[in-house]
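K.L.:
Okay, predicted coordinates and the sequence, questions at the end:
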Amino acid sequence: MKYMSKVNGGRGGIIINTASITSETPFPTIPIYAATKAAVSHFSRSFGDPLYSGKSGVKVIAINPGLTDTQILKNIADYSLYDPDVKVAFDVMRTKVPTQKVNNMGVGLLQVLEKAESGSVWTIENDQPAKRCLNPA
Ligand SMILES: NC(=O)C1=CN([C@@H]2O[C@H](COP(=O)(O)OP(=O)(O)OC[C@H]3O[C@@H](n4cnc5c(N)ncnc54)[C@H](O)[C@@H]3O)[C@@H](O)[C@H]2O)C=CC1
Ligand SMILES: CC/C=C\C[C@H](O)C(=O)/C=C/C=C/C=C\C=C\[C@@H](O)C/C=C\CCC(=O)O
């Protein structure tokens, strides 16, 4: 921000923070992970306010990916509280929710870069276009 800000002679820009759809709803299998993502989303909404972006010319935006086919989905044990039933519960959840291809994150990100206002949060899931996430819904 220090170097991007127009206040300091920078050119402005866009910061995209990666949250998760787990930031929007209680998520018992990964409570600490979900809480940190809620913080990322909330921080982006606040720091993206025109109070800051109006002067700096730097937009701050968050994205909430849904389940996406990457390595992190194989590392659930590293992120959950210790309980042998947690991995089972997570795997059951995964059978009920579609996992999107990584490519859709790239497509959705371009859509967000083109149209998102500073302070907005966007969900990208299920191989669908990016959709603005309103809070409260
Ligand atoms: N894959 C999914 O279903 C979802 C992923 N996300 C978020 O997307 C982002 C990217 O994750 P993925 O590509 O899915 O996972 P990934 O496991 O494929 O990639 C995560 C990368 O972060 C790196 N990393 C981990 N800890 C680090 C550290 N302390 N310092 C520097 N690098 C570190 C790892 O080496 C790895 O390259 C993460 O913030 C994740 O929480 C959000 C929602 C859903
Ligand atoms: C490190 C943890 C591994 C993956 C988390 C992943 O990166 C992530 O952020 C996204 C998860 C997305 C989940 C998508 C589906 C949500 C479905 C809801 O209908 C289910 C709601 C609650 C589930 C309760 C639970 O499993 O804890």
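P.N.:
Nice, I can see it. Residues are numbered from 1 along each chain as shown. Ligands and ions are numbered 1, 2, ... in the order given.

K.L.:
Number of residues surrounding Tyr3?
P.N.:
Neighbour count of Tyr3, defined by other CB atoms under 10 Å: 9. For glycine as for every other residue, the C-beta is placed from the backbone atoms N, C-alpha and C.

K.L.:
for it, what are its contacts?
P.N.:
By CB atoms under 8 Å, 6 or more residues apart in numbering, the contact list for Tyr3 reads Gly10.

K.L.:
how far away is it from Gly12?
P.N.:
Distance of Tyr3 to Gly12, given as CB to CB, to the nearest Å: 11 Å.

K.L.:
So is stretch 48-64 next to ligand 1?
P.N.:
No: residues of stretch 48-64 are not located near ligand 1 by CB under 6 Å from any ligand atom, the shortest gap being 7.0 Å.

K.L.:
Checking the closest residue to Pro129 other than its chain neighbours next. Helix, strand or coil?
P.N.:
Using CB to CB, 6 or more residues apart in numbering and skipping residues adjacent in sequence, the residue nearest Pro129 is Gln111, 6.0 Å away. Of the three states, Gln111 takes helix according to DSSP: H, G, I helix; E, B strand; the rest coil.

K.L.:
So the one helix or strand Thr36 maps to, near ligand 2 or not?
P.N.:
Using DSSP states H and E, Thr36 maps to helix 31-47. Yes: judged by CB under 6 Å from any ligand atom, helix 31-47 comes into contact with ligand 2 through Tyr33.

K.L.:
buried stuff in that helix?
P.N.:
Buried residues in helix 31-47, counted by 16 or more other CB atoms under 10 Å: Tyr33, Ala34, Thr36, Lys37, Ala38, Val40, Ser41, Ser44, Arg45, Phe47.
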